[in-house]
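Student: below is the structure, and that's it, no one-letter string:
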């Protein structure tokens, strides 16, 4: 008992001792000059390792935390028997006694001579659908059948002649029954049959199709994905009515058994891309997948990069457009955000509304997005560099005005940028996490009050407040790069505060090199800029007319490059057409 208590106290330290053992002894060996010292330290190491192994063996041999769930029955690999009572006892032991698990026993057939049971989850199924299409045909309509109608094969007779449901299949394994039941389906067991019938129980409680909050548009569809994966697939099928529309399903998560679907267009998507997506998803071995962000972090090419290499959206028209270009979509049950791969950097500056409006205004807006992104990452750093190192670049009147505004401020420009950047991030996070009416008030009032008070107190100069406000507004013009933009601002401010304009140029070159090294499922991240593809430049900095974008992106849709026919440019009617007859 005393050994057990001692082990409980030293347990947190044993693994730490094991990890630093070799490092400590190597340091001692390094300082040992003579062969005698090396022999002594080698013997000491062997003794220490022997004691450590004994301690670890003794620790793991003690049942410090007894398993309280040893008697819980796990899903059985065995098949069903032909005894209904035994089958129900096994399933009750596996599913437990939760209030949402419903087991409805009843008698049906001619004069009620056949016993049966329905198993479903209340809340994940539609009770009216079960009552009207399953229970009523079995309990009432089956009485009109003959005496011997259920003798040969009860399950097949019921499936073919009695039920009015669209989906029904026969299963024989206990594991299959548990998985189907927990997925929201209804299971029918019949006494005397060693199989069960899995049927669709209808839709349970779920959110309807609503307008998405993240991809707001002025012109275009207003429908968005919801948390039900079958609904999301249906929304895509409405956009792409093609028999080559393919969906591959994978179950991931040892505990959650989450449904993940790979959606693509056969004949357009590269088969190697689909195989690679399937390989990366299949190798995920984890307890739970609760959102598509889990999948994104497991399959991305550059996990240590601040730039995302997997795109996401909750609008069906955006996902459908990317599938038609040759990309693959990854849908996860329980989230409205759908992933698409591969992703290129230029996608962050594109909006679905760009393709619904005429190209001239859209091209101007897209250029403005690039300018806004540049301002969002470089404005604070440029102000810090000019005010600290390069005052000669400013006109004299402007320099005098800035100097007067900064007079009495106790902090250098780099500290001002840090302080205002942190305040902005706090206000942004508070505005997002609070309820919308309160969040908007916090964002507006907080920014006005804190900014005005900081300037009045002489803690921050008014030019810095203007620069940070402009940066904040510009950062929201490119939502796809908001996360990376915050980190880039911090990096560029540090470089500008230490090396001025030279530091900013070094940071831009490093950023360009990093962009050039990134790949997304084998596709260069800067495509079509690097490597340069002139035919794909029609949809980068500007957006060419729809009738001019004849081919799909060369790096993605090479398998079937032609998107539309040539010579689709609109033209006025010819003079011969306008001649009176």
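Tutor: Cool, got the structure. What you see is a predicted model; the values in this text were computed from it and never measured.
Student: in the chain, which spans are strands?
Tutor: 101-108, 114-121, 168-171, 185-190, 196-200, 245-252, 258-265, 311-313, 328-332, 338-341, 519-520, 523-524 (DSSP state E).
Student: give me the neighbour count for residue 260.
Tutor: Residue 260 is flanked by 23 other residues according to other C-beta atoms under 10 Å. Quick note: C-beta positions are derived from backbone N, CA and C, even for glycine.
Student: quickly list what it is bridged to.
Tutor: When bridges are called by DSSP bridges, residue 260 pairs up with residue 250, residue 332.
Student: what's the closest of the strands of the chain to residue 290?
Tutor: Smallest distance to residue 290 across those (C-beta to C-beta): 7.5 Å, for strand 258-265.
Student: I'd like the average pLDDT over the closest one.
Tutor: The average of the pLDDT scores along strand 258-265 is 93.
Student: ditto for stretch 124-132
Tutor: On average, stretch 124-132 scores 82.
Student: what of stretch 492-512?
Tutor: 92.
Student: quick one on the thing from earlier: could I get the strands of the chain as TSV with distance to residue 81?
Tutor: Shown next, in TSV, are those (distance: least, C-beta to C-beta, whole Å):
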stretch	distance to residue 81
strand 101-108	17
strand 114-121	14
strand 168-171	14
strand 185-190	10
strand 196-200	11
strand 245-252	26
strand 258-265	29
strand 311-313	47
strand 328-332	36
strand 338-341	43
strand 519-520	51
strand 523-524	54
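Student: which stretches of the stretch 51-200 of the chain have low pLDDT?
Tutor: Counting by pLDDT under 70, the stretch 51-200 of the chain contains low-confidence ranges at 51-77, 141-153.
Student: the strands of the chain: which one's closest to residue 465?
Tutor: When the strands of the chain are ranked by distance to residue 465, counting by C-beta to C-beta, first place goes to strand 311-313 at 33.7 Å.
Student: please identify the pairing partners of that closest one and their relative orientation?
Tutor: Sheet partners assigned to strand 311-313 using DSSP bridges are listed as strand 338-341 (antiparallel).
Student: contacts for the strand it pairs with?
Tutor: Applying C-beta atoms under 8 Å, 6 or more residues apart in numbering, the external contacts of strand 338-341 come out as 225, 232, 273, 277, 292, 295-296, 299, 309-314, 319, 322-323, 327-332, 520-521.
Student: just the buried ones from these, in ChimeraX syntax?
Tutor: Buried subset of those, written as a ChimeraX selection, criterion 16 or more other C-beta atoms under 10 Å:
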select :225,232,273,277,292,295,296,299,309,310,311,312,313,314,319,322,323,327,328,329,330,331,332,520,521
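Student: and residue 371, how many neighbours does it have?
Tutor: Residue 371: 12 neighbours (other C-beta under 10 Å).
Student: ignore the last one, residue 158
Tutor: Residue 158 sits with 25 neighbouring residues when counted by other C-beta under 10 Å.
Student: wait, which of the strands of the chain is closest to residue 390?
Tutor: Per C-beta to C-beta, nearest to residue 390 of these: strand 523-524, 34.9 Å.
Student: look up the closest residue to residue 208, ignoring the ones flanking it.
Tutor: Leaving aside its sequence neighbours, residue 208 sits nearest to residue 226 (C-beta to C-beta, 6 or more residues apart in numbering; 6.8 Å).
Student: ok, the one you found - contacts?
Tutor: Counting by C-beta under 8 Å, 6+ apart, residue 226 touches 206, 207, 208, 209, 210, 232, 336.
Student: and if you look at residue 464?
Tutor: The neighbourhood of residue 464, defined by C-beta under 8 Å, 6+ apart, consists of 383, 413, 416, 417, 420.
Student: who wins on neighbours among these?
Tutor: residue 417 (29 neighbours).
Student: which pLDDT value goes with the residue nearest to residue 208?
Tutor: 90.
Student: now swap in residue 397 and tell me
Tutor: In this model, residue 397 is scored at 86, pLDDT.
Student: I'd assumed residue 105 was in contact with residue 139.
Tutor: No. Using C-beta atoms under 8 Å as the test, residue 139 is too far from residue 105 to be in contact (11.6 Å).
Student: just to revisit the earlier point, which one of the contacts of residue 464 sits closest to residue 195?
Tutor: Looking across the contacts of residue 464 and measuring by C-beta to C-beta, the closest to residue 195 is residue 420, at 68.6 Å.
Student: out of everything not next to it in sequence, what's closest to that closest one?
Tutor: residue 468 (4.2 Å).
Student: for residue 422, see how far away the one you found is.
Tutor: Per C-beta to C-beta, to the nearest Å, residue 468 is found 10 Å from residue 422.
Student: if we can go back for a sec, who wins for proximity to residue 219 among the strands of the chain?
Tutor: Across those, closest to residue 219 is strand 311-313 (C-beta to C-beta), at 16.9 Å.
Student: and the contacts of the closest one?
Tutor: With C-beta under 8 Å, 6+ apart as the criterion, strand 311-313 contacts 214-215, 292, 296, 319, 322, 337-341, 343, 347, 480.
Student: any idea which of these is closest to residue 390?
Tutor: Closest approach to residue 390 among those (C-beta to C-beta): residue 480, at 31.9 Å.
Student: pretty sure that closest one contacts residue 347?
Tutor: Yes. Using C-beta under 8 Å, residue 480 makes contact with residue 347 at a distance of 6.9 Å.
Student: give me the more crowded residue out of those two.
Tutor: When residue 480 and residue 347 are compared on other C-beta under 10 Å, the one with more neighbours turns out to be residue 480, at 21 against 17.
Student: tell me which of residue 468 and residue 422 has more neighbours.
Tutor: Neighbour count, other C-beta under 10 Å: between residue 468 and residue 422, residue 468 has more, with 24 against 11.
Student: how much space separates the closest residue to residue 173 other than its chain neighbours from residue 174?
Tutor: Closest residue to residue 173 apart from its sequence neighbours, by C-beta to C-beta, 6+ apart: residue 79 at 5.7 Å. As judged by C-beta to C-beta, residue 79 and residue 174 stand 7 Å apart.
Student: comparing those two, which shows the higher neighbour count?
Tutor: Each of residue 79 and residue 174 has its neighbours counted (other C-beta under 10 Å); residue 174 has more, 20 against 13.
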